[in-house]
Each structure stands twice: as C-alpha cells, then as structure tokens.
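K.L.:
give me coordinates for this.
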Amino acid sequence: MPLPEHGYLALTATLYPDGNAVSAEILEFDIASCGTDVDHAYAMIVEAVEGAIEAAYRDSVDGLHVLLREEKLTVYPNPPRRYRPAAIPSHLLSQPGLILRPVSISIEAVLRD
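P.N.:
Alright, predicted model coming up:
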C-alpha cells in the first residue's frame, strides 16, 4: 500500500440535469458540486475533491490518513486501468439523464499545487 501522499484515488462522479444547472456528486464520499453543463459540473466536482484532499492534508499531520480511512477510500500506487463504479444510491437512480464518469485523482499532484 503506497503512502497516501503518493497514489491515486479512483472515484465515481454522477452528473445529472438539475433545473438550469447540472449537479455532480462523488459516490464514494459525501461531496457535491454543480456547473452550467456536464463538462463544467465535472470540472467543479474534480476541483471540490482536490480541495477536500488538500484541506485534509493541511488540517493536521494525519488529516489525509483520517479522511481516507473514514471514507474507506483505496489509494492505488498507479492510475487504475479499470474502475468499478460505486453503488448508486436510490435517490440518484430516479434522476433522468444520469451520467456516471470515472474520476482519477493523483494525490501527489493535488498536494504539489
């Protein structure tokens, strides 16, 4: 298992129309965002995840470890070639236009910025 500061997270973004916007959620932990269209919503949810990782890391010596453990997130040593989407909660199954997109986050790149 790599050190959490050096590895990748494989997450699942859900995107769906929500009025005049597009909502985005990460299935693996409680984070959401929105955008004006699918691409913008995707970019915003990636930015939100990166912000959560950076905040946890800067919060305390073991903040990133705590976040990963509490959310039961797996850190991969290399970018995952395949991904298995997380279970889709029932409140999202009824969303018309639901899109699932993989999100691969380099923890090292987030912390370097």
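
K.L.:
residues of whichever strand or helix holds Leu11 that come out buried?
P.N.:
Assigned by DSSP states H and E, Leu11 falls within strand 8-18. Residues of strand 8-18 classed as buried by neighbour count (16 or more other CB atoms under 10 Å): Tyr8, Leu9, Ala10, Leu11, Thr12, Ala13, Thr14, Leu15, Tyr16, Pro17. For glycine as for every other residue, the C-beta is placed from the backbone atoms N, C-alpha and C.

K.L.:
and for stretch 61-72?
P.N.:
Judged by neighbour count (16+ other CB under 10 Å), stretch 61-72 contains these buried residues: Gly63, Leu64, His65, Leu67, Leu68, Glu71.

K.L.:
CA atoms only: put that stretch into CSV for me.
P.N.:
Output of stretch 61-72 as CSV, limited to C-alpha atoms (Å, rounded to 0.1, in the frame of the first residue of the first chain):
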residue,chain,number,x,y,z
VAL,A,61,-0.4,15.7,10.5
ASP,A,62,-2.6,12.7,9.9
GLY,A,63,-5.6,14.5,8.3
LEU,A,64,-5.3,12.8,4.9
HIS,A,65,-4.9,9.4,6.6
VAL,A,66,-8.1,10.1,8.6
LEU,A,67,-10.1,11.2,5.5
LEU,A,68,-9.0,8.1,3.6
ARG,A,69,-9.8,5.8,6.5
GLU,A,70,-13.2,7.4,7.4
GLU,A,71,-14.4,7.4,3.8
LYS,A,72,-12.9,3.9,3.2
